[in-house]
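Enquirer: I need the structure of the sequence given here:
(one chain, ligands or ions: 1)
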Amino acid sequence: MMKLWMAPAGLHIEPGQMGDARELARIHATGFYRGWPEAEFADFLGDPSTPVYVACDPKRRIAGFALIRIAADEAELLTIAVDPKWRGKRVGAALLRAVFDDLLMSPARRMFLEVSEDNQAAIRLYKSQGFATISQRKGYYAKPDGSAATALVMSRDLG
Ligand SMILES: CC(C)(COP(=O)(O)OP(=O)(O)OC[C@H]1O[C@@H](n2cnc3c(N)ncnc32)[C@H](O)[C@@H]1OP(=O)(O)O)[C@@H](O)C(=O)NCCC(=O)NCCS
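Expert: Below is the predicted model:
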């Protein structure tokens with residue numbers, strides 16, 4: 001049976017498929033100074049330890065996605081991105097809730113992520129979904145102007 005979660009604005013969330021790599025690379029590039037190549041997304045999509053969740057409309061046009069890595073009892077949010085025209089509609093929050101729900105069926109008991117201290121939208125999203133800052137990594141992210149931003153390491157229990 002296919003996994004399916006409800007999302008706002010007529011969208012739903014389902015597992016990513018091999019053919020999604022190009023669209024994931026496009027959406028990811030809208031959100032990050034350094035994009036990841038399509039081939040990297042194809043590798044993630046083919047690897048059961050790195051599940052991908054896509055938010056899409058009934059025609060399966062992708063509005064956003066979350067990519068995680070599961071290792072023993074820990075899960076890491078590798079990235080999450082929402083297409084600019086879909087942002088602010090709680091698609092990001094719905095993606096995280098789908099991830100938490102799905103991970104209840106996995107051995108993972110705790111989830112971690114890293115986020116630039118500059119990224120207020122993402123930090124607010126993570127806090128609203130139960131993540132708390134556990135440490136900081138200074139000078140972790142390279143910025144377009146050559147300076148470096150601190151990364152916050154956040155975590156949340158998976159219940
Ligand atoms: C971060 C991102 C995934 C959020 O997705 P989204 O679907 O727009 O977020 P939601 O609509 O679900 O918002 C969830 C929360 O974040 C807040 N938020 C979203 N965009 C925001 C913004 N631009 N500024 C401030 N807060 C914002 C919302 O207010 C909401 O908080 P609330 O529940 O307290 O009201 C999206 O902005 C994005 O793709 N950014 C570029 C990629 C990125 O930075 N990813 C995270 C890297 S670690």
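
Enquirer: contacts, neighbours, all on C-alpha from now
Expert: Will do.

Enquirer: In three-state terms, label the spatially most central residue of the chain for me.
Expert: The centroid of the chain falls nearest to residue 80 when counting by CA atoms, centre = their mean (2.4 Å). Applying DSSP: H, G, I helix; E, B strand; the rest coil to residue 80 yields a three-state assignment of strand.

Enquirer: which one is it nearest to, not counting chain neighbours?
Expert: Nearest residue to residue 80 in three dimensions, chain neighbours excluded: residue 66, at 4.3 Å (CA to CA, 6 or more residues apart in numbering).

Enquirer: could you measure the closest residue to residue 133 other than its chain neighbours against the ligand, distance?
Expert: Distance criterion CA to CA, 6+ apart; nearest residue to residue 133, sequence neighbours excluded, is residue 154 at 4.2 Å. Counting by CA to the nearest ligand atom, to the nearest Å, the separation of residue 154 from the ligand is 10 Å.

Enquirer: distance of residue 154 from residue 120?
Expert: Distance from residue 154 to residue 120, counting by CA to CA, to the nearest Å: 14 Å.

Enquirer: These two: who's more crowded?
Expert: Higher neighbour count among residue 154 and residue 120: residue 154, with 20 against 11, using other CA atoms under 10 Å.
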